[in-house]
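Trainee: Got a predicted model here, sequence first, then my questions.
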Amino acid sequence: MIFLAQLISMFANIYVWIVIASILLSYFMDPYHPVRQGVDNLVRPLLDPIRRVVPPVGMIDFSPLVLIILIQVVANLLVRFLYAIS
């Protein structure tokens with residue numbers, strides 16, 4: 001169980017870094033660049049439902065921040081649950 005908890009924590013951290021990379025690439029790369037499209041394809045399925053609920057404020061999109069917080073909360077809950085049952 002501890003291995004599974006560490007695995008969940010590691011994947012959550014990797015995904016948070018992918019979300020951060022997507023944010024940074026959106027400032028510097030063309031939307032049609034293959035690297036940016038690849039990263040966006042990993043992040044977009046989780047961002048789209050959040051974007052329907054949390055609209056942009058002016059030109060600032062808070063949906064990646066909400067996604068990062070959700071990833072951290074869910075991963076933390078899962079890890080605590082796995083440690084509790086082991």
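Mentor: All right, it came through fine. Computed from a prediction, not measured in an experiment: that's the story for all the values here.
Trainee: drop to CA atoms for contacts and neighbour counts, all remaining ones
Mentor: Fine.
Trainee: Please, where are all the strands along this structure?
Mentor: Here the chain has no strands by DSSP state E.
Trainee: in the longest helix along it, what counts as buried?
Mentor: Longest helix of the chain, by residue count under DSSP state H: helix 2-28. Buried positions in helix 2-28, judged by neighbour count with 16 or more other C-alpha atoms under 10 Å: 5, 8-9, 12-13, 15-16, 18-20, 22-23, 25.
Trainee: And stretch 58-71, by the same measure?
Mentor: For stretch 58-71, by 16+ other C-alpha under 10 Å, it's 63, 64, 67, 68, 71.
Trainee: do the same with stretch 72-84
Mentor: 72, 75, 76, 78, 79, 82.
Trainee: ok, the residue nearest to the fourth one when sequence neighbours are not counted - contacts?
Mentor: What that stands for is residue 78. Once flanking residues are discounted, residue 78 sits nearest to residue 5: 7.3 Å by C-alpha to C-alpha, 6 or more residues apart in numbering. Contact analysis of residue 5 by C-alpha atoms under 8 Å, 6 or more residues apart in numbering lists 78, 79, 82, 83.
Trainee: Show me the two of the residues you listed that sit farthest apart.
Mentor: 78 and 83 (8.6 Å; C-alpha to C-alpha).
Trainee: which of the buried residues of stretch 72-84 has the weakest pLDDT?
Mentor: Within the buried residues of stretch 72-84, pLDDT reaches its minimum at residue 82, with 93.
Trainee: surely it meets residue 1?
Mentor: Yes - between residue 82 and residue 1 there is a contact under C-alpha atoms under 8 Å: 6.1 Å.
Trainee: Show me the shaky parts of this protein.
Mentor: Across the chain, nothing is flagged by pLDDT under 70.
Trainee: which residues does the nearest residue to residue 30 once chain neighbours are set aside contact?
Mentor: Leaving aside its chain neighbours, residue 30 sits nearest to residue 36 (7.6 Å; criterion: C-alpha to C-alpha, 6+ apart). Each residue near residue 36 by C-alpha under 8 Å, 6+ apart is listed here: 22, 25, 26, 29, 30.
Trainee: can you tell me which residues contact the fourth one?
Mentor: With C-alpha under 8 Å, 6+ apart as the criterion, the residues that contact residue 29 are residue 36.
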